[in-house]
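Asker: Attaching a predicted model along with its sequence, questions to come.
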Amino acid sequence: MPTMHTASHADNHASWTPPWEGPPLPWLSSCPGIQLPPSTLSHQAKWHQLQQASPLSAQTATRRLPPTKSPATPPVLSPQQVVSDPRTSPTSPLPFMFSRQHLTNFGSPQLALDQFMAWIRHQAPESFWSTLRVLDLRHHHLTSVHHLDSFFPALESLDLSHNEIQSITCLPSTLRVLKASSNRLTDIDGIRSLSKLEYLDVSGNAIGSFKGIGPWYHCKTLVANNNKIDSFDPFQALKGLVTLRLSSNNIDELNLEALYQLETLDVSYNRISMVNGLHHLHSLQYLNLDNNDIRMIAFDMPMRGLQTLRLNHNRLAYFDARSVPQARVLYLDNNQLTHVDGLDQLVDLIVLSIRDQSGQPLRIGLNDLHSTTKLYLSSLPIKQLYGLPCFESLTYLEICATQLEELPDDFATRLPRLNVLYLNDNFLTHIAPLRHCRSLQKLVLLNNRLKDLGALVKTLHCLSHLEILDLRQNPLTHKLYPPIDYPKTYRSKHNRLQLLCRYLAPEHDTHWPSSDQHFYDRLPSHWRYRRKLYRAMLVRACKRLTQLDQSPVTSTELDSCQELLATLSSSN
C-alpha cells in the first residue's frame, strides 16, 4: 500500500520544551497589571461578609459551590470574610513592596504603602483583620510579601497571582489555599512550612526544584506548570495528592512510587524518556504524557482505573491497549506506531485518536469499537474505505490527508449516527454516498477535487440537518475565496497557548473574516456574481445551513440568494 510520509511527525513535534509555553522568565517582561490612578481611595470596592449558614440553609442554596469530589477545585471556606475589588485588580494590605512601574504613580515607596493601607482600612476596618479568611491580591505589581501572619492570623485562602513577586516570607500558618501563579518565584522557601496547605498553584514562575518539600500532609492539589522543575522525586513525599500538574518543565525521568491517592497526573511538555512504576498509581484516572521523548511505555500490570491516556507527540513504535482496559479516551497522535494491539478489549472506549504515524503501515484493529463516538484517523495510509467496520455509536469522524479517492456506497449504513465528518486534503471527486447520512450536521471537504456543482447540490439536498459546510480549495471554489491560513496555535478557554492540529487549523483562523471581506471587495464584478450564485445554490439546497465556507449565512444573504435565484429562473 503506498505511504504518504517519509519523515516522522514525532521527530518534528516531540520537542522537549515548546517555544510557546516553556518555562518562563517573568523578569524579562513587564507584568500586565492594571494602571492605577494616584489615589486608589477613589476606587469603588466591595467588602463581602458571608454569614455563617448550614449546608442546607437558604444562603448556601443560593451560593454556587464547586463539585465536592473535584480535586482541582480549592476547598470552599465558610463562613468567609473577603476583601476584594469589583475590578480585575484587587486590594492590597500591609508589608508589601511594589515594582518601579507601579511606584511612578505614587512618587515614593512609603506613599504607595500608605495609600494601600488607607484603602484597605476603608474597605475593612482593622477590627476585622484578625478574622479575615480570604484575601485576593491579584494584579497589584507586588514584588515581595512579608509577615502577613502578623496582620491576618486566621487567613485561609490567599491569591497572589499575576504579580512580580520574588520573595515570600511569614505567611499565616492557617493557609489552606495559596495561588501564586505568574510571578517571579525561584524557590518554595516561603511556603515550605505551611502544614495545613490543601491547594497550591505556583504555575508560571521559575522554580527549579521542590527538594525539601514541606510537611504538606493535607495537600490534595498541586499545580506547578511552566516552571524549571528538573526532578519528579520530591513529589513522592506528598502521599495525599489527588491532582498533580507539572506541564512544561524540565523533567526527564518519571519514577512513580506510592502516590496511591493520585487521580490526575499531567507531565506533558517535559523531557521524559523513561516512565517507571505506573502500576503503583492505583487510583489514577487521567494521565497526560503529551510532548515528551517516550519510546516505550511499560505497564507491569493493567491499570484498571485509568480512563484518559494522552501520549501524543512521542516516539512510540508499539502500544498495547490491554494495559488500560477501562480507557474511555486514548490519544496516540504523532508517534511512529506500526502496531496497536488490544483495542478490542477497550469496550468502554469513546474517543480514539491515532493521527500522523510517520506514514508507516499501521496494523490496527477497529472492528470491535462498538462504543466509540469520536475517531481520528488523519494522515494514515488509507486510500480506500471498503470493508469499513460498522460503527453504530460513531458521531465524529476525521479522515484527512489519507489519499482517499472515493467513498464506499454503504458508507452511510455503516455510520448511521454520524454528525460531524472531516475529509480534508484527499482526492475525492464526488460525495454521492453521503446522501444517506441523514443526521450529518457538519461536513468539511477542504482541498479535494470537487468540481461538479450540480451533482454536489443533489447530494446536499438530501442532507436535511446540515448546518456547517466547507468546500474551500476545491476546483468549484477556485478564485472565489482568498488563500487559507493554517495557524499553529490557539488560545484555550483558560487562555493557554495550545498546539493546533493542522486539520482543524482553518477553523481557528481569526483573520479569515477580514481577509475574506477584503478579497471579496476587490473581486471583479463577474467573479463576484459567480460567488453569489454558488453560495445561493448551496444555501437553497441546505435549508438549515448557518455557515458556508467559514462565513456565516446571514438573513440578508438568504434574502439576496432568493432574489438572485428568482431573477435567474425568470430570465430562463
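Answerer: That came in fine, so what should we check first?
Asker: Look up how far Arg435 lies from Asn276.
Answerer: Distance, Asn276 to Arg435, using CB to CB, to the nearest Å: 53 Å. Just so you know, the C-beta spots here come from the backbone N, C-alpha and C atoms, and that holds for glycine as well.
Asker: dump the residue contacts of the closest residue to Ser378 other than its chain neighbours.
Answerer: Spatially, and ignoring its direct neighbours in sequence, Ser378 is nearest to Cys400 (4.0 Å; CB to CB, 6 or more residues apart in numbering). Counting by CB atoms under 8 Å, 6 or more residues apart in numbering, Cys400 makes contact with Ser378, Ser379, Tyr422, Leu423, Asn424, Asp425, Asn426, Tyr503.
Asker: Let me see the contact set for the first one.
Answerer: The reference is to Ser378. Applying CB under 8 Å, 6+ apart, we find Ser378 in contact with Arg355, Asp356, Glu398, Ile399, Cys400, Ala401, Thr402, Tyr422, Asn424, Cys501, Tyr503.
Asker: what secondary structure does it sit in?
Answerer: When classified by DSSP: H, G, I helix; E, B strand; the rest coil, Ser378 comes out as coil.
Asker: do the same with Arg435
Answerer: For Arg435, the assignment made with three-state DSSP gives helix.
Asker: who's in contact with it?
Answerer: Arg435 touches Ala412, Lys458, Thr459, Cys462, Leu463, counting by CB under 8 Å, 6+ apart.
Asker: rerun at 10 Å
Answerer: By CB atoms under 10 Å, 6 or more residues apart in numbering, the contact set of Arg435 is Phe411, Ala412, Lys458, Thr459, Leu460, His461, Cys462, Leu463.
Asker: Find me the pLDDT at it, would you?
Answerer: Looking at Arg435, its pLDDT stands at 94.
Asker: pretty sure Ser268 contacts Tyr286?
Answerer: No: Ser268 is not in contact with Tyr286 according to CB atoms under 10 Å; the separation is 11.4 Å.
Asker: residues near Ile390, how many?
Answerer: Not quite, residue 390 is Cys, not Ile. 12 (other CB atoms under 10 Å).
Asker: What score does the nearest residue to it once chain neighbours are set aside have for pLDDT?
Answerer: In space, not counting the residues next to it along the chain, Cys390 is nearest to Arg414; the distance is 4.8 Å by CB to CB, 6+ apart. Arg414 is assigned 93 on the pLDDT scale.
Asker: Arg414 is in contact with Pro389, isn't it?
Answerer: Yes: the criterion here is CB under 10 Å, and Arg414 meets it with Pro389 at 7.0 Å.
Asker: Identify the residue nearest Phe253 in space, chain neighbours excluded?
Answerer: That one is not Phe; residue 253 is Glu. Residue nearest to Glu253 in three dimensions, not counting chain neighbours: Met274, with 5.1 Å by CB to CB, 6+ apart.
Asker: The one you found: what's it in contact with?
Answerer: Asp252, Glu253, Leu254, Asn255, Asn292, Asp293, Ile294, Arg295, Met296, Ile297, Ala298.
Asker: Spatially nearest residue to the residue most central in space within the chain (excluding sequence neighbours)?
Answerer: Nearest residue to the geometric centre of the chain (CA atoms, centre = their mean): Ser492, 4.8 Å. Residue nearest to Ser492 in three dimensions, not counting chain neighbours: Gln498, with 4.9 Å by CB to CB, 6+ apart.
Asker: I'd like the next helix or strand past the strand or helix carrying the one you found.
Answerer: Per DSSP states H and E: Gln498 is located in strand 497-499. Sequence-wise, the next helix or strand downstream of strand 497-499 (DSSP H and E) is helix 512-521.
Asker: In that next one, which residues are buried?
Answerer: Across helix 512-521, burial judged by 16 or more other CB atoms under 10 Å covers Trp512, Asp516, Tyr520.
Asker: per-residue confidence for the second one?
Answerer: In other words, Asp516. If you check Asp516, the pLDDT there is 95.
Asker: Next, count neighbours for the residue nearest to Thr477 when sequence neighbours are not counted.
Answerer: With CB to CB, 6+ apart as the criterion, Thr477 has its nearest non-adjacent residue at 5.5 Å, and that residue is Leu471. Using other CB under 10 Å, Leu471 has 24 neighbouring residues.
Asker: Contacts only, for Leu471.
Answerer: Counting by CB under 10 Å, 6+ apart, Leu471 has contacts 431, 443-448, 450, 453, 456, 460, 477, 480-481, 534, 538, 548-549.
Asker: Which ones among these lie within helices?
Answerer: Members of the contacts of Leu471 lying in helices (criterion: DSSP state H): Leu453, Leu456, Leu460, Tyr534, Leu538.
Asker: Now render those as CSV, adding pLDDT.
Answerer: Output for those, formatted as CSV (pLDDT from 0 to 100):
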residue, pLDDT
Leu453, 95
Leu456, 96
Leu460, 96
Tyr534, 95
Leu538, 95
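Asker: which one of those residues sits closest to Ala317?
Answerer: Among the ones in helices among the contacts of Leu471, Leu456 lies closest to Ala317 (CB to CB), at 41.3 Å.
Asker: How much space separates that closest one from Leu564?
Answerer: In terms of CB to CB, Leu456 sits 18 Å off from Leu564.
Asker: which one of these two has more residues nearby?
Answerer: Leu456 (22 against 17).
Asker: And for the residue nearest to Cys390, the neighbour number?
Answerer: Residues near Arg414, counting by other CB under 10 Å, number 16.
Asker: Next one: it from His436, what distance?
Answerer: Counting by CB to CB, the gap from Arg414 to His436 is 11 Å.
Asker: residue ranges with poor pLDDT in the chain?
Answerer: Low-confidence segments of the chain, defined by pLDDT under 70: 1-108, 112, 116, 119, 123, 493-496, 572.
Asker: Show the residue spans covered by the helices in it.
Answerer: 9-13, 58-62, 100-103, 109-123, 411-414, 453-461, 512-521, 525-541, 555-571.
Asker: the strands in the stretch 301-450 of the chain, which residues?
Answerer: According to DSSP state E, counting those that start in this stretch, the stretch 301-450 of the chain carries its strands in the segments 308-310, 318-320, 329-331, 339-341, 351-353, 363-364, 374-376, 396-398, 420-422, 442-444.
Asker: Quick one: closest of the ones you listed to Leu259.
Answerer: Counting by CB to CB, Leu259 lies closest to strand 308-310 out of the strands of the stretch 301-450 of the chain; the figure is 16.9 Å.
Asker: Isn't Val242 up against Lys220?
Answerer: Yes: here Val242 reaches Lys220: they are 4.6 Å apart, a contact under CB under 10 Å.
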